[in-house]
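# here are the coordinates; sequence isn't available:
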């Protein structure tokens, strides 16, 4: 199975390239996701079975100031990749986020109502999901991950999430990619258990200081934890856990 990856130099893309040898991951210079003609040329040359769209503008604070860049990367880029997938009859796997939910309740299931979102980054990712659905064959994966190390001096104790470190979640996402043609659903949540950001931070940075959401420079949802029952019901889920322990 031939896989074409966007965002191969990013946080998740770097992990996926290590986990999925042989994956084709053009640089942004080789395939600008906002350049429809260039993307189509690459797709037609490579003839992938899967297009994994992991490229995105992910600077939540920066998105408030540079909305054009965020919109182009997240919305226009996804629209372009969906069109390319249709052109070469590939399945599109779109990496989305828990921020598409309001954060009022947490424990969100795949079919729960989206929004209202609390910041501009979240708005673009919500619209991007709709763009991804233009692909005839698609799977949207909602997830949330951090770098391998917690880099901030402060972590919020009143913000709840099911995100995890990228090296914890990437093996599960790699398994979803490997089994993409066996997955009948068009939407899956891949994450770990609900916890505060402070609890997550202290797993790898015990001396991180406690903070709260009011200190953030941008509006953040309070609880965007995801229900992962559907993902855990997949027949190959246990093998994902074995892989993540390696």
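On my side now, so go ahead. Predicted model only: the values in this text are computed from it and were never measured.
# so what's the spatially most central residue of the chain closest to, chain neighbours aside?
Among the residues of the chain, the one closest to the centroid is residue 95, at 3.5 Å (C-alpha atoms, centre = their mean). Nearest non-adjacent residue to residue 95, counting by C-beta to C-beta, 6 or more residues apart in numbering: residue 54, 4.7 Å away. For every residue, glycine as well, the C-beta is placed using N, CA and C.
# measure the one you found to residue 34 for me?
From residue 54 over to residue 34 the distance is 15 Å, taken as C-beta to C-beta, to the nearest Å.
# now swap in residue 100 and tell me
Residue 100 sits 21 Å away from residue 34, taking C-beta to C-beta as the criterion.
# This protein: helices as residue ranges?
Along the chain, the stretches classed as helices by DSSP state H are 11-19, 36-46, 60-65, 67-71, 77-87, 120-132, 166-178, 197-204, 229-232, 237-244.
# Go through the second one and flag the buried ones.
Using 16 or more other C-beta atoms under 10 Å as the test for burial, helix 36-46 gives 36, 38-40, 42-43, 46.
# so how far is that helix off the chain centroid?
Computed by C-alpha atoms, centre = their mean, to the nearest Å, the separation of helix 36-46 from the middle of its chain amounts to 23 Å.
# Then the first one?
On the basis of C-alpha atoms, centre = their mean, helix 11-19 is displaced by 12 Å from the centre of the chain it belongs to.
# helices or strands next to that helix in the packing?
Contacts defined by 3 or more C-beta pairs under 8 Å, 6 or more residues apart in numbering; DSSP states H and E place helix 11-19 against strand 3-6, helix 166-178.
# before we move on, what about the third one?
With contacts taken as 3+ C-beta pairs under 8 Å, 6+ apart, helix 60-65 sits against helix 120-132.
# Let's test this: mean pLDDT of the helix it packs on, rounded?
Averaging pLDDT along helix 120-132 gives 98.
# related to what we said a few turns ago, please convert the helices and strands packed on helix 11-19 to CSV, extending it with distance to residue 138.
Rendered in CSV, the data for those read as follows (distance: least, C-beta to C-beta, whole Å):
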stretch, distance to residue 138
strand 3-6, 14
helix 166-178, 13
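# Serialize the ones you listed to TSV and add fields for mean neighbour count and mean pLDDT.
Formatted as TSV, those follow (neighbours: other C-beta atoms under 10 Å; pLDDT from 0 to 100):
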stretch	mean neighbour count	mean pLDDT
strand 3-6	26	98
helix 166-178	21	97
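# I'd like to know which of the ones you listed is closest to residue 206.
In terms of C-beta to C-beta, the element of the helices and strands packed on helix 11-19 nearest to residue 206 is helix 166-178, at 17.5 Å.
# Of all the helices of the chain, which one is nearest residue 108?
Closest to residue 108 of these is helix 229-232 (C-beta to C-beta; 11.4 Å).
# pretty sure residue 169 contacts residue 200?
No. Taking C-beta atoms under 8 Å as the contact criterion, residue 169 and residue 200 are not neighbours in contact, 11.8 Å apart.
# Overlap of the contact sets of these two?
Taking C-beta atoms under 8 Å, 6 or more residues apart in numbering as the contact definition, residue 169 and residue 200 share the neighbouring residues residue 163.
# how much space between the residue nearest to residue 217 when sequence neighbours are not counted and residue 69?
For residue 217, ignoring the flanking residues on the chain, the nearest one in space by C-beta to C-beta, 6+ apart is residue 61 at 5.4 Å. According to C-beta to C-beta, residue 61 and residue 69 sit 13 Å apart.
# and what of residue 16?
Counting by C-beta to C-beta, the separation of residue 16 from residue 69 is 23 Å.
# Would you mind telling me which of the two has the busier surroundings?
Higher neighbour count among residue 16 and residue 69: residue 16, with 24 against 14, using other C-beta atoms under 10 Å.
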